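Enquirer: Sequence first, then the predicted structure:
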Amino acid sequence: MMPGYLPDRQFMEFTMHELGLAMNVKEIVEGAAKDNGAAKIKEINIVVGEFSSVAIEALEFAMEVVKKDSLFHDAKINIKSTKTILLCSECGKETVMKDFIFKCNSCGSGAVRIIAGDRMYVDSIDIE
Ligand SMILES: [Zn+2]
C-alpha cells in the first residue's frame, strides 16, 4: 500500500476477514513445515470455494501481508477457486451449483446439500 493512501472503509473491513484467514493459513503451513523438519516453504496451494464468502483478491493481498517474517516469505502462493457441488437426495447425483440456486442440475429437485465449494482450505504445500 502506498504511504499516505487512505483505503476506503469497505475495502478494509472486507480485507480484515481475509487477513484473519491468511493468519490461519500461516499457522497451518508453518506448523506442517515444522512437523516435517522443513526450514522453508516453497509453494502454498490454497483452494477457495465460490460459496465460501472469501474474496480471492483480498486473500491474495492478505497473504502478501502475512508473508513477511514467515517461513514462506519468498514462496509462490497459488489460490484456486472451486465450484460449489450439490448432492441430491432424490437422484443421488452430484452436480455443479448454478447461479447460487439450491437445485439439482440432473433431476431439478430442491432436496440438495452442499458437499464442496463452501470452504477455503490449504490444499498442499511444497517444502524444502
Ligand atoms: Zn437430483
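Expert: Yep, that arrived.
Enquirer: Hmm, N105 is touching T95, no?
Expert: Yes: when contacts are counted by Cβ atoms under 8 Å, N105 is listed as touching T95 (3.7 Å). Heads up, the C-betas are built off the backbone N, CA and C, glycines and all.
Enquirer: quick one, what contacts S52?
Expert: Counting by Cβ atoms under 8 Å, 6 or more residues apart in numbering, S52 touches 117-120.
Enquirer: now the residues you listed as CSV including distance to the ion?
Expert: CSV is the format used below for these (distance: Cβ to the ion, whole Å):
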residue, distance to the ion
G117, 17
D118, 19
R119, 23
M120, 27
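Enquirer: out of these, who's nearest K42?
Expert: Comparing the contacts of S52 against K42 with Cβ to Cβ places M120 closest, at 21.0 Å.
Enquirer: need the residues of the chain near the ion, please.
Expert: Proximity of the chain to the ion is confined to 88, 90-91, 104, 106-107, 109 under the rule Cβ under 5 Å from the ion.
Enquirer: now with 6 Å?
Expert: Within the chain, the positions near the ion by Cβ under 6 Å from the ion are 88, 90-91, 93, 104, 106-107, 109.
Enquirer: in this protein, what spans have low per-residue confidence?
Expert: Residues of the chain that meet the criterion pLDDT under 70 lie in 1-14.
Enquirer: how about G49, phi and psi?
Expert: phi -70, psi 140 (degrees, to the nearest 10).
Enquirer: What's the local residue count around it?
Expert: Close neighbours of G49, defined as other Cβ atoms under 10 Å, add up to 19.
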